[in-house]
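Chemist: Please work out how this folds:
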Amino acid sequence: MFLNLSILLFFLIFLIFAISKWKIHPFIALVLTAIALGLSLGLGGKETVDVVLKGFSETLRWIAIIIILGAFIGEVLQDTGGAFRISGCIVNGVGEKKLPWAMGFTGYIVSIPVFIDVAYILLQPVTESLSVKSKKPVLYIGLALAAGLAVSHTLIPPTPGPLAVASLLDLDLGKMLLINIVVAIFAMAGGIIYVTKFCKNSWLAYDEKLKKSLQGGIMESPSTQQNDSGNILLDLLPILIPIVLIGAGSFINMDTNNFFTTIFNFITLPLIAVMIGAFIAVFQLKKPNKSNKLNALVEQAILKSALVIMITGAGGALGYVIKETGIQNEIVTVFASFPFLGVLLPFLVAAILTTSTGSITVSLVGSASMLAPMVESLPVSPEIVAALIGCGSFCVFHANSSFFWLLNRLHEVPPKTLYKTFTLQSLVMGLSGLVGVFLLKLFGF
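Modeler: Below you'll find the model as predicted:
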């Protein structure tokens, strides 16, 4: 048992060094690590390759086209000046000092119905324009948004992970929601405060590139952008419509079989919802040469998305190999042997699963599945156990997390920089949520 855990730890350390110190391309490092890990943990040659391919394809099955469509929406918003108008409206509305909090709460709301990766991709053009408009690093804005997105994705139903935890632990969903909303605010606050204190000077080479690309051409003059013929509502529609449709699909359950429900269930699928947003974006392109411009923007979106898609798939393949080896069961078994850990057991189990697998969902479902038989013997209520699992699931995001590589490719952030910012931010968020849990416990929850 301890041998397998040692092998996993060795390969995770190898992965980090391979990418950050030895400068091996992330795609190659992730795929080779996945294959080597599978072989070392006894999956066998053919099965290891099958698992790697399955993990790669399963990760990209639903996200690849969405990434391209989201990138296309971003290209249109940049071409028309819409992203700059939206960012200007936000900066003028909340002020530069409150900008991280505005982005955090935006993420908090958006990620309740919308998967975290999709939400970030949809908001990418606004994030980057806000960076230029406010003269702040793109990581400063992006990680504030990511803090809000992550807490809802991890703690707030009807996101699948928290719902699965509620089902596995047989919880009172209303009480769980009340507790997790408070814990999520603590976790998000910790993440945003970390950003404001430690990421305000996290400048990248990409920031300079962004400044030149957004302030050249159509965005050359902010004053003219605010007074041009663009309409802020029309600018927002390609972003808001997919979010509203996906949200409606999450909250409204239609089981009756008729023409209306068939159409509703179809258009609320994430892929179709984002495609509708892309179609709306097309109508904002202005003549002349609208057809040529459309084709050029589609090609730009595909080219920009290709590397994101490949690395995200490779990260998914590694996570899938770890999941298929069943090593998460061994982790929980080890910790179950130390009952004196008591209240911290759910937090630690989830933290180690997230660090090992890179998947919040695997961490949530795995922890809840294995702690369910012993939940009554723990010194806290089942709802607090769920909150502790959620907090542990933030700790920590690193090279085997698909969102880590999404940030890496979307903003060209070096992995070493992400370790110092995103990885540490996730640890701070987990510990901040833990503070919220202990305060609730003091008040009798």
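
Chemist: give me the low-pLDDT residue ranges for the stretch 1-150 of the chain?
Modeler: 1-2, 16, 20, 62, 83-84, 87, 91, 112-114 (pLDDT under 70).

Chemist: where do the strands sit along the stretch 1-150 of the chain?
Modeler: Counting by DSSP state E, counting those that start in this stretch, no segments of the stretch 1-150 of the chain form strands.

Chemist: where's stretch 282-295 relative to the chain centroid, distance-wise?
Modeler: The gap between where stretch 282-295 is centred and where its chain is centred comes out at 32 Å by Cα atoms, centre = their mean, to the nearest Å.

Chemist: Which pLDDT value goes with residue 351?
Modeler: pLDDT recorded at residue 351 is 89.

Chemist: give me the number of residues near it?
Modeler: Neighbours of residue 351 under the rule other Cβ atoms under 10 Å: 25. All C-beta atoms are positioned from the backbone trio N, CA, C, and that covers glycine.

Chemist: Likewise for residue 126?
Modeler: By other Cβ under 10 Å, 26 other residues sit near residue 126.

Chemist: Renumber starting at 2 from here on
Modeler: Sure thing, new numbering starts at 2, so read that last one as residue 127.

Chemist: Check the gap between the nearest residue to it once chain neighbours are set aside and residue 180 for me.
Modeler: Closest residue to residue 127 apart from its sequence neighbours, by Cβ to Cβ, 6 or more residues apart in numbering: residue 87 at 5.1 Å. Computed as Cβ to Cβ, to the nearest Å, the residue 87 to residue 180 distance reads 34 Å.

Chemist: How are the helices of the stretch 52-201 of the chain distributed by residue range?
Modeler: 83-95, 100-111, 117-135, 139-156, 161-169, 174-199 (DSSP state H, counting those that start in this stretch).

Chemist: How far does the fourth one sit from its chain's centre?
Modeler: Its chain's C-alpha centre lies 7 Å from the corresponding centre of helix 139-156 when counted by Cα atoms, centre = their mean.

Chemist: repeat for the shortest one
Modeler: Once both centres are worked out by Cα atoms, centre = their mean, helix 161-169 turns out to sit 18 Å from its chain's centre.

Chemist: For that helix, which residues meet the burial criterion?
Modeler: Residues 162, 163, 164, 165, 166, 167, 169 are the ones in helix 161-169 that count as buried (16 or more other Cβ atoms under 10 Å).

Chemist: outside of it, which residues touch it?
Modeler: The contact list for helix 161-169 (Cβ atoms under 8 Å, 6 or more residues apart in numbering) reads 154-158, 172, 174, 177, 181, 361-362, 365-366, 368-370, 373, 387, 390-391, 394.

Chemist: residue contacts, residue 436?
Modeler: For residue 436, the contact set (Cβ under 8 Å, 6+ apart) comprises 187, 191.

Chemist: name the element it belongs to?
Modeler: Residue 436 belongs to helix 425-443 when assigned by DSSP states H and E.

Chemist: what's the angle from that helix to helix 174-199?
Modeler: Counting by axes from the mean of the first three to the mean of the last three Cα atoms, to 10 degrees, helix 425-443 lies at 140 degrees to helix 174-199.

Chemist: Just the C-alpha atoms of helix 425-443, please, in PDB.
Modeler: Only the C-alpha atoms of helix 425-443 are listed here, as PDB (Å, rounded to 0.1, in the frame of the first residue of the first chain):
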ATOM      1  CA  LEU A 425      -0.600  28.800  -3.300                       C
ATOM      2  CA  GLN A 426      -3.900  30.600  -3.800                       C
ATOM      3  CA  SER A 427      -5.800  27.200  -3.800                       C
ATOM      4  CA  LEU A 428      -4.000  26.300  -0.500                       C
ATOM      5  CA  VAL A 429      -5.000  29.600   1.100                       C
ATOM      6  CA  MET A 430      -8.600  29.100  -0.100                       C
ATOM      7  CA  GLY A 431      -8.800  25.600   1.500                       C
ATOM      8  CA  LEU A 432      -7.400  26.900   4.800                       C
ATOM      9  CA  SER A 433      -9.700  30.000   4.700                       C
ATOM     10  CA  GLY A 434     -12.700  27.700   4.200                       C
ATOM     11  CA  LEU A 435     -11.500  25.600   7.100                       C
ATOM     12  CA  VAL A 436     -11.600  28.700   9.300                       C
ATOM     13  CA  GLY A 437     -15.200  29.200   8.200                       C
ATOM     14  CA  VAL A 438     -16.000  25.600   9.200                       C
ATOM     15  CA  PHE A 439     -14.500  26.000  12.600                       C
ATOM     16  CA  LEU A 440     -16.400  29.200  13.300                       C
ATOM     17  CA  LEU A 441     -19.700  27.600  12.300                       C
ATOM     18  CA  LYS A 442     -18.900  24.700  14.600                       C
ATOM     19  CA  LEU A 443     -18.400  27.200  17.400                       C
END
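
Chemist: Pretty sure residue 134 sits against residue 86.
Modeler: No. Assessed by Cβ atoms under 8 Å, residue 134 is found out of contact with residue 86, at 9.9 Å.

Chemist: got the angle between the helix holding residue 436 and helix 139-156?
Modeler: Helix 425-443 runs at 40 degrees relative to helix 139-156, counting by the same axes, to 10 degrees.

Chemist: average model confidence for helix 425-443?
Modeler: Averaged across helix 425-443, the pLDDT comes to 94.

Chemist: so what's the closest residue to residue 411 other than its chain neighbours up against?
Modeler: Leaving aside its sequence neighbours, residue 411 sits nearest to residue 125 (Cβ to Cβ, 6+ apart; 5.9 Å). Residues near residue 125 by Cβ under 8 Å, 6+ apart: 71, 72, 75, 411.

Chemist: Could you check the pLDDT of the nearest residue to the second one once chain neighbours are set aside?
Modeler: So the one you mean is residue 72. In space, and not counting its chain neighbours, residue 72 is closest to residue 302: 3.9 Å by Cβ to Cβ, 6+ apart. With respect to pLDDT, residue 302 has a value of 84.

Chemist: ok, back up a step: reformat the buried residues of helix 161-169 into CSV and put pLDDT next to each item.
Modeler: Converted to CSV, the buried residues of helix 161-169 look like this (pLDDT from 0 to 100):
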residue, pLDDT
162, 76
163, 83
164, 75
165, 77
166, 83
167, 83
169, 77
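
Chemist: Let me know the closest of those to residue 265.
Modeler: Taking Cβ to Cβ as the measure, residue 265 lies nearest residue 164 of the buried residues of helix 161-169, at 20.6 Å.

Chemist: Would you check how far apart that closest one and residue 358 are?
Modeler: Distance from residue 164 to residue 358, by Cβ to Cβ: 19 Å.

Chemist: Look up phi and psi at the residue of the chain positioned farthest from its centre.
Modeler: In the chain, the greatest distance from the average C-alpha position (Cα atoms, centre = their mean) is reached by residue 289, at 38.0 Å. Note on residue 289: its backbone torsions stand at phi -90, psi 170 [degrees, to the nearest 10].
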